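[1] Compute the structure for the input listed below.
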Amino acid sequence: MKVRPTKKVADLPAESVIKKLKDKAFARSVDRTCVYGGAEALGRPLPEHVAFVIAALVPIAEEIGL
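    Below is the predicted model of the structure:
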């Protein structure tokens, strides 16, 4: 998730993650169908879902190495 110069998850816009997901080299082990399907299953637009996940990671970022 370190796609920004600051390498802080708090500075990461959802749009950047969505754009990088199109690159197969980025987060190679992540199953894209789970990402897109998960947002769809929750009935949320992908940008909103990604923003929610980023916001959820911010408080524990240091603890998990982000």
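[2] where's residue 16 relative to residue 43, distance?
    Residue 16 sits 24 Å away from residue 43, going by C-beta to C-beta, to the nearest Å. In this view, the C-beta of every residue, glycine as well, is placed from N, C-alpha and C.
[3] out of these two, which sits in the busier spot?
    It is residue 16, of residue 16 and residue 43, that has more neighbours when counted by other C-beta atoms under 10 Å, with 15 against 7.
[4] quick one: that one and residue 48, what's the gap?
    15 Å.
[5] If we ignore the residues flanking it in sequence, what's nearest residue 54?
    Excluding its sequence neighbours, the residue lying closest to residue 54 (C-beta to C-beta, 6 or more residues apart in numbering) is residue 12, at 5.5 Å.
[6] same deal with residue 8?
    Nearest non-adjacent residue to residue 8, counting by C-beta to C-beta, 6+ apart: residue 61, 7.1 Å away.
[7] What ranges does the chain have for its helices?
    With DSSP state H as the definition, the chain shows helices at residue ranges 14-21, 32-42, 46-57.
[8] Can I get the longest one in PDB? Just the C-alpha atoms.
    This points to helix 46-57. Backbone C-alpha positions of helix 46-57 (Å, rounded to 0.1, in the frame of the first residue of the first chain) are rendered in PDB as follows:
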ATOM      1  CA  LEU A  46     -15.400   0.500  -4.900                       C
ATOM      2  CA  PRO A  47     -13.900   3.900  -4.100                       C
ATOM      3  CA  GLU A  48     -16.100   4.200  -1.000                       C
ATOM      4  CA  HIS A  49     -15.100   0.600   0.100                       C
ATOM      5  CA  VAL A  50     -11.400   1.300  -0.400                       C
ATOM      6  CA  ALA A  51     -11.600   4.600   1.500                       C
ATOM      7  CA  PHE A  52     -13.300   2.700   4.400                       C
ATOM      8  CA  VAL A  53     -10.600   0.100   4.500                       C
ATOM      9  CA  ILE A  54      -7.900   2.800   4.500                       C
ATOM     10  CA  ALA A  55      -9.600   4.600   7.300                       C
ATOM     11  CA  ALA A  56      -9.800   1.400   9.300                       C
ATOM     12  CA  LEU A  57      -6.100   0.800   8.800                       C
END
